[in-house]
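Asks: Pasting the sequence and the predicted model now:
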Amino acid sequence: MAEPQTIRTPSAKPSMRQMADAIRVLSMDAVEKANSGHPGMPMGMADVATVLFSKYLKFDASRPDWADRDRFILSAGHGSMLLYSLLHLTGYKAVTKDELSNFRQWGSKTAGHPEYGHIPGAETTTGPLGQGLANAVGFAMAERHLNARFGDDLVDHRTWVIAGDGCLMEGVSQEAIGIAGRLKLNRLTVLWDDNDITIDGAVRLSDATDQLARFKASGWAVKAIDGHDEGQIRRALLWATRQDKPTLIACKTKIGRGAATMEGSHKTHGAALGAAEVAATRLGLSWNHEPFDLPDTIEKAWRAVGRRGAKLRKVWEGRLAAHPQADHFTRAMKGDLPAGAFDALDARIAELVETKPAQATRQSSGAALTELFGRIPEMIGGSADLTGSNNTYVKDTPILDTPDYSGRYVNWGIREHGMAAAMNGMALHGGVIPYGGTFMVFSDYSRPSIRLAALMGIRVVHVLTHDSIGLGEDGPTHQPVEHLAALRAIPNLLVFRPADTVEAFECWKLALEHRTAPSAMALSRQKTDAVRVTASDENLCARGAYELRAADGEAKATLFATGTEVPLALKARDTLQAQGVPTRVVSVPCFELFEQQPKAYQDSVIGRGTVRVAVEAAIKQGWERFIGEDGAFVGMSSFGASAPAPRLYEAFGITADAVVEQVKARL
């Protein structure tokens with residue numbers, strides 16, 4: 001009978017390998033208990049993460065919200081147990097042993113993928129591959145911009161990312177690294193888990209990209225190391241801090257490192273190892289402890305890592321207290337708007353009611369920005385190479401660029417997805433309020449990032465111009481018809497479609513006031529008449545929908561409309577009134593805000609008992625909420641065509657006469 005293997009007791013000062021083994025065991029135990037998860041990546045990157053956290057990452061576990069902390073982003077979010085293990089080991093109070101034990105279970109903070117706002121230490125919600133990497137570019141941009149605004153005393157930190165092969169294969173990664181390379185974001189380091197494995201097997205089954213050459217060609221400094229060699233990891237991380245451009249470190253690792261028989265196998269990627277393999281792995285790692293229990297020496301060593309930044313944090317707090325811009329910095333990082341942020345905007349609204357300008361709502365949006373930009377220094381704008389069309393640039397605004405990052409306008413290039421993802425990172429970093437523009441039809445490119453912004457509940461504003469067939473001659477490839485419905489389908493996204501300049505101003509005010517939701521501004525290319533011609537003491541768009549024009553007499557019909565179709569509804573109302581049909585018009589600038597109103601208000605606006613017709617140059621989906629089963633819809637049921645806007649509206653039957661006919665047919 002064979003002698004039992006001796007279990008080694010960790011020394012008083014555990015080695016980096018022993019500290020990394022704590023990550024490996026916690027990760028495999030949590031996945032095993034849940035019978036769900038991804039143990040391979042945490043086990044493979046444990047050595048790199050241990051050196052990073054213990055030697056280079058600037059943080060204080062007792063203050064996860066320290067403004068000048070380094071940001072650590074796990075772009076390969078499926079390996080969430082790497083992050084949760086690190087947070088638990090370094091002493092984040094919220095990440096208890098019980099939370100690790102309840103990994104992926106109902107009510108636990110340790111969700112399947114890291115979720116921003118759900119657990120301290122999760123800087124962003126990751127899981128959709130490539131998103132974390134692209135968010136990190138925004139984090140790094142925000143850091144450089146705030147450094148230029150407030151100086152090294154208050155802003156001097158780095159952004160570190162762990163990304164996998166999947167992150168680098170996703171197309172958004174190229175958009176992101178192109179931006180970072182162009183801007184020379186030297187405080188950004190990507191640690192690539194170069195393990196040659198995807199779910200289906202070896203990377204070579206689907207990809208032959210030379211990633212080092214790709215990043216280098218995009219303006220990055222690159223280095224390849226053995227991801228299990230402590231010395232190489234240390235030297236590479238030090239090297240990264242001394243570069244004048246963003247850095248990629250290719251960490252050659254073995255997925256499932258330490259697993260008894262499955263090390264290097266793609267089978268460790270997305271499934272529990274199994275009881276027998278876990279037991280054998282424990283033996284191989286000389287880990288003689290129950291699941292989620294830690295040796296005292298290793299636990300103490302990790303807790304010391306978590307306290308390592310406390311002194312730096314306290315010194316920084318002293319600098320903040322003495323800094324002449326302390327109040328501005330604190331307000332900006334909290335996300336509060338400056339006093340008087342909307343004074344100029346409100347004054348202009350009063351003027352607009354009198355002057356009644358007829359203009360495209362994209363121009364109205366640009367006019368709103370002119371009133372807001374100087375009073376809210378946190379606002380940073382940009383466009384996906386459509387600045388003149390999106391009206392996102394405020395005159396005389398300096399460009400955010402290397403080497404002076406104090407500018408407030410970003411030339412994103414033709415990179416809608418990268419722009420949207422980086423804007424998320426900027427908002428998550430804090431201290432800036434990002435907005436960016438493109439054509440509304442290209443919100444399809446931005447949609448994954450818009451969805452994540454809504455999931456995280458962060459304030460970013462998407463300026464989406466050319467919002468209907470009204471853009472005209474560019475044709476159906478550029479004419480959005482289903483996009484309003486698609487955007488409205490995203491929970492916690494405020495979709496605004498203002499009817500005129502007053503509504504555009506009000507919608508911008510609402511987008512900036514809402515700190516826990518992103519906004520999408522649907523704006524027209526073509527001119528539209530003013531519809532708000534009487535003054536109001538309140539922001540009527542805040543109700544989501546409101547009676548714009550009452551009926552003369554007891555209403556028999558209610559017309560609902562948004563954007564450029566509101567003037568059309570008003571024209572139809574005048575015709576119906578002249579024909580003896582009392583008709584009211586309801587402007588609906590934001591479905592989502594309407595749903596938040598009291599039921600009594602909703603019922604009063606909807607006008608039950610009247611014939612109800614909605615008009616919008618888009619598909620019907622979603623309008624049933626207003627018009628019910630028996631109501632009519634005047635809009636699109638197909639793609640558009642190439643022609644001037646007036647001819648398209650006539651050809652597709654989006655006219656005042658069509659609205660009148662629908663009402664009369666139902667009386």
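Replies: Ah, there it is.
Asks: Quick one: list the elements packing against the one helix or strand R17 maps to.
Replies: For R17, the host element (DSSP states H and E) is helix 16-34. Packing contacts for helix 16-34, counted by 3 or more CB pairs under 8 Å, 6 or more residues apart in numbering; DSSP states H and E, involve helix 40-44, helix 46-51, helix 80-90, helix 97-101, helix 275-284, helix 296-307. Using the backbone N, CA and C atoms, a C-beta is placed for each residue, glycine as well.
Asks: orientation of the last one relative to helix 80-90 in degrees?
Replies: Spelled out, it's helix 296-307. Following axes from the mean of the first three to the mean of the last three CA atoms, to 10 degrees, one obtains 90 degrees for the angle between helix 296-307 and helix 80-90.
Asks: Helix 296-307 versus helix 16-34: what angle between them?
Replies: Here helix 296-307 runs at 100 degrees with respect to helix 16-34, directions being taken by the same axes, to 10 degrees.
Asks: helix/strand/coil for A614?
Replies: Of the three states, A614 takes strand under DSSP: H, G, I helix; E, B strand; the rest coil.
Asks: Contact partners for the spatially closest residue to A551 that is not a sequence neighbour?
Replies: Nearest residue to A551, sequence neighbours excluded (CB to CB, 6 or more residues apart in numbering): P582, at 3.8 Å. When the contact criterion is CB atoms under 8 Å, 6 or more residues apart in numbering, the partners of P582 are A551, D552, G553, E554, A555, K556, A557, L576.
Asks: Next, count neighbours for the second one.
Replies: Read that as D552. The local packing of D552 (other CB atoms under 10 Å) involves 11 other residues.
Asks: mind checking the SS state of it?
Replies: On the three-state scheme (three-state DSSP), D552 is labelled coil.
Asks: Would you check how far apart it and Y393 are?
Replies: For D552, the distance to Y393 (CB to CB, to the nearest Å) stands at 44 Å.
Asks: Kindly report the same for the third one.
Replies: With distances defined as CB to CB, the gap from G553 to Y393 amounts to 48 Å.
Asks: These two: which is more packed in?
Replies: Counted by other CB under 10 Å, G553 and Y393 do not tie: Y393 has more neighbours, with 19 against 11.
Asks: Does that one fall in a helix, a strand, or a coil region?
Replies: Secondary structure assignment for Y393 (three-state DSSP): coil.
Asks: Just give the number of residues close to the nearest residue to it once chain neighbours are set aside.
Replies: Among residues not flanking Y393 along the chain, T387 sits closest, at 5.0 Å (CB to CB, 6+ apart). Residues contacting T387 under the criterion other CB under 10 Å number 16.
Asks: Now do the phi/psi pair for T387.
Replies: Per-residue torsions, T387: phi -60, psi -50 (degrees, to the nearest 10).
Asks: what's the answer for A163, then?
Replies: Torsion angles, degrees, to the nearest 10, at A163: phi -130, psi 150.
Asks: so who does it touch?
Replies: When contacts are counted by CB under 8 Å, 6+ apart, A163 touches S75, A76, G132, L133, S173, V190, L191, W192, D193.
Asks: Dump those residues into CSV; add neighbour count as well.
Replies: Converted to CSV, those look like this (neighbours: other CB atoms under 10 Å):
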residue, neighbour count
S75, 31
A76, 31
G132, 29
L133, 30
S173, 28
V190, 30
L191, 27
W192, 29
D193, 29
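Asks: I'd like those as TSV, with pLDDT, distance to D207 and secondary structure appended.
Replies: Shown next, in TSV, are those (pLDDT from 0 to 100; distance: CB to CB, whole Å; DSSP: H, G, I helix; E, B strand; the rest coil):
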residue	pLDDT	distance to D207	secondary structure
S75	98	17	coil
A76	98	16	coil
G132	98	19	helix
L133	98	16	helix
S173	98	12	helix
V190	99	17	strand
L191	99	19	strand
W192	98	13	strand
D193	98	14	strand
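Asks: which one among these gets closest to V605?
Replies: Taking CB to CB as the measure, V605 sits nearest to G132 out of those, at 41.8 Å.
Asks: any idea how far the closest one lies from D65?
Replies: G132 sits at a distance of 19 Å from D65 (criterion: CB to CB).
Asks: Stretch 51-70: which residues count as buried?
Replies: Counting neighbours by 16 or more other CB atoms under 10 Å, one finds that the buried residues in stretch 51-70 are 51-54, 56-61, 64, 66-70.
Asks: and it, how far out from the chain's middle?
Replies: Between the mean C-alpha location of stretch 51-70 and the chain-wide mean there is a distance of 23 Å, by CA atoms, centre = their mean, to the nearest Å.
Asks: What mean pLDDT does it get?
Replies: Per-residue pLDDT values over stretch 51-70 give a mean of 98.
Asks: which residues are in contact with it?
Replies: Contacts of stretch 51-70 with the rest of the structure, by CB under 8 Å, 6+ apart, involve 16, 19, 72, 86-87, 90-93, 120-121, 154-160, 191, 230, 233-234, 237-238, 241, 305-310, 312-313, 316, 329, 333, 430-431.
Asks: Those residues in strands, which ones?
Replies: Taking DSSP state E as the definition of strands, these contribute F72, T159, W160, L191.
Asks: Now C251. Nearest residue, chain neighbours left out?
Replies: In space, C251 is closest to G227, 3.2 Å off (CB to CB, 6+ apart).
Asks: Counting neighbours, what do you get for that neighbour?
Replies: Should you count by other CB under 10 Å, G227 turns out to have 26 residues around it.
Asks: Over to F652?
Replies: As a burial measure, the neighbour count of F652 was computed by other CB under 10 Å and equals 19.
Asks: Test my guess that it contacts G640.
Replies: Yes - under the contact definition of CB atoms under 8 Å, F652 touches G640, with a separation of 7.4 Å.
Asks: Just the CA atoms of stretch 277-287, as CSV, please.
Replies: As requested, C-alpha coordinates have been extracted for stretch 277-287 and formatted as CSV (Å, rounded to 0.1, in the frame of the first residue of the first chain):
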residue,chain,number,x,y,z
GLU,A,277,-10.1,16.5,-10.4
VAL,A,278,-10.6,19.1,-7.6
ALA,A,279,-9.4,16.6,-5.0
ALA,A,280,-6.4,15.7,-7.1
THR,A,281,-5.6,19.3,-7.7
ARG,A,282,-5.7,20.0,-4.0
LEU,A,283,-3.2,17.3,-3.5
GLY,A,284,-0.9,18.5,-6.2
LEU,A,285,-1.0,22.1,-4.8
SER,A,286,-0.5,20.8,-1.2
TRP,A,287,-3.6,22.5,-0.2
